[in-house]
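J.: for reference, the sequence and a predicted model appear below.
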Amino acid sequence: MTDSIQTSTLHDTESTVSQHESDSFEVVLHLPQSNTNLLDLPSEVLHHIFSFLATDSLVNISLTCQTCLRIVGQLKTWSHHHFRVESAYHSSHEFEAAIKRAMTLPTWTLFAGDTTAFANTVTSITLDMSRNGHFPIDTGLIFLIMEIFIAIREARFVGCLSSGREFVGTALGSILPNPVDRWMARGNLTLLDLSDGERLVRKRGAGPIRGSSDPLPPNLAWGSGAATFSDDLAFFETLFRFHAIEYYPTVCTRCRREPCYSWCADGLCLLCSLRGACLQCQCGPEIDSRSFCVRCDLQCRWQTQSCEPCRLSAGWTPCSVPNCRSERCPICPAPALGVCDACGGTSSYFCSAHEPQCSCEVLCVECFKEDLCTECGRKSGCSGCKLGRLQCDGCGVATCRTCLQICTEDVASTCFGELCSRCIFSHDCTVVLGRTVGNPKRGINIS
C-alpha cells in the first residue's frame, strides 16, 4: 500500500466490516467515485479498519508510509494482541515466511527494538491454514513461537503440525525442565491446540479413491500410514498430566483409539461423532453402522467410513464370501481374477481369512467349500476341488498344510506320503504309495 492507493465505488464514504467463521475479516471500503486517497479518510475510520487486520497485514501496511506506521502503532489491539496471519498463502514456505516476518518486524517498527515489549503484548495466537490446504510448518518454529511470546494464554496451531511424533520427541528429549513445563511455569497458558485440520481428517476418513488426482491425502500429524492413532498421542497426553490446561488432540472417549480435535464435539473423534454417516456422499446413518467402517484386508490397513456404493465407485473390492466384511482398498494391487479351476466360471476375490488353502489356484465363491483341519482347526482346502483337498494319505482326514508331514523313514520303500501326526509313525508305505500314485496333486510319477 502506498500514499497513492485509491478505491472508489459509491458516492458516500462508508466502511463495512464482516467477520467470518475462520476468525478472518473482510474489509469493504465504499469511497466516492472521485479519485480519493485512502489516507484522506478520517483517522478514526482508519483505526477501525486497521484493527481488523491480521498481524502480517499490519506489518506490511506499516512499511508503506509514515502515516500508516503511526496509525498501526496507535492501535489499541497491541495491548492484548491476537497474533494471526492471513489465509492468502499457497505453500508451507510462504506461510512460514509470513509468520517469521510478523514475529520480527513489529519489534523494530513499532516497539523501537524492545523485544520484551512485543513479546508481552501477544496474549493469543491462531495459525490455521487448514481450510485452504495442508501447509504444515516446521515444528521448531512452533517451539520458537511458544518460547518468544511469554504472555500467551491461548495458542492454536490447527493443521500446522506435520508430525506429532516429532513434537513429542522434541519436548521429551529437551533438557529438563521440558518446554511444556517451562510454558506452564509462566502461569499464563490455558489452551494449546495442535489439532489436524478438519478438511484433511474428513478426506482421510473417506479413504483412498482410485483414479482421482489425489488418491491419498497427506498423512495426519497424529498417525502414520493408514492409521490415525499411534503411541505419539499417548505420550503427548503425558506432557500435560500435572498441568491444568486445555489441550488438543485428546483420545476419543468412545472408541479410545482415534484423536479428538478441538473442532470435534462432545469429546468424540470424527468417526464416532458421525457413526453411520458416509464421509463421501453424506448419506446415512444405516441401521447397521458397522457396514460403513471398513479397513483394507491387506497389510496397508487403509480404512474408510463410506457406504457400499461409494466404496465400489472408489475402487474397493469386497470379499465374495457372504456376510464377510473384509475388502481390499483401491491402492493395493487389484486381485487377479480368472477362470475357476472347479467349474470353469469366473473366479471370485477372497480375503486373507477366506483364501483357499488347497491345490486350486483360482475358485469362484459357488465352488468354495472349505474343510477344517481336524488337528488344529485351520483351513484345509476346498472339499469340491477337482485337484483334491488336503488330507492325510494314511487315514484320509482333512488336514492343513502345517499339520501334514512327509514320510521318509524307509529309504528302500519310502512312499513320500503326506500324513497327519497320528499316521506319520504308524502307516504302511505300500498302502500309502498305492493311494498317491497318479494323484496329480502329489506330482509323483512311478513307472
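T.: That came through, no problem.
J.: which residues of the stretch 151-300 of the chain fall in helices?
T.: 164-172, 179-185, 198-206, 231-238, 270-273 (DSSP state H, counting those that start in this stretch).
J.: what of the stretch 301-447 of the chain?
T.: Counting by DSSP H, counting those that start in this stretch, the stretch 301-447 of the chain has these helices, from start to end: 308-314, 429-436.
J.: so which of these comes closest to Ser347?
T.: Among the helices of the stretch 301-447 of the chain, helix 308-314 comes nearest to Ser347, with 18.6 Å by Cβ to Cβ. (Glycine included, C-beta is placed from N, CA and C.)
J.: let me know which of the helices of the stretch 301-447 of the chain is tucked in deepest.
T.: helix 308-314 (a mean of 17; mean count of other Cβ atoms under 10 Å).
J.: chain center to that helix: distance?
T.: 20 Å (Cα atoms, centre = their mean, to the nearest Å).
J.: got the CA positions of it in PDB?
T.: The C-alpha trace of helix 308-314 is given here as PDB (Å, rounded to 0.1, in the frame of the first residue of the first chain):
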ATOM      1  CA  GLU A 308     -21.200 -49.500  -0.100                       C
ATOM      2  CA  PRO A 309     -22.000 -47.700  -3.400                       C
ATOM      3  CA  CYS A 310     -19.300 -45.100  -2.700                       C
ATOM      4  CA  ARG A 311     -16.700 -47.800  -1.900                       C
ATOM      5  CA  LEU A 312     -17.400 -49.600  -5.100                       C
ATOM      6  CA  SER A 313     -17.100 -46.400  -7.100                       C
ATOM      7  CA  ALA A 314     -13.900 -45.600  -5.300                       C
END
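J.: just to check, Leu127 is in contact with Glu154?
T.: No. Using Cβ atoms under 8 Å, Leu127 is not in contact with Glu154; the gap is 12.0 Å.
J.: more crowded one of the two?
T.: The neighbour comparison of Leu127 against Glu154 (other Cβ atoms under 10 Å) goes to Leu127, with 23 against 16.
J.: helix or strand next in line after whichever helix or strand that one is part of, which one?
T.: Element membership of Leu127, judged by DSSP states H and E, is strand 122-128. Using DSSP H and E, the next helix or strand after strand 122-128 towards the C-terminus is helix 139-148.
J.: still on that earlier bit, pairing partners for the strand holding Leu127, with directions?
T.: strand 81-84 (parallel), strand 154-158 (parallel) (DSSP bridges).
J.: contacts for the last one next, please.
T.: Spelled out, that is strand 154-158. The contact list for strand 154-158, computed with Cβ atoms under 8 Å, 6 or more residues apart in numbering, reads 123-128, 130, 137, 142, 145-146, 189-197, 262-263.
J.: buried residues, that strand. List them.
T.: For strand 154-158, burial by neighbour count (16 or more other Cβ atoms under 10 Å) applies to 154-158.
J.: Cys281 contacts Arg311, doesn't it?
T.: No. In this structure Cys281 lies outside contact range of Arg311 using Cβ under 8 Å: 10.7 Å.
J.: before we move on, back to that, and the helices of the stretch 301-447 of the chain, which one's lowest on average pLDDT?
T.: Set side by side, the helices of the stretch 301-447 of the chain give their lowest mean pLDDT on helix 429-436, at a mean of 68.
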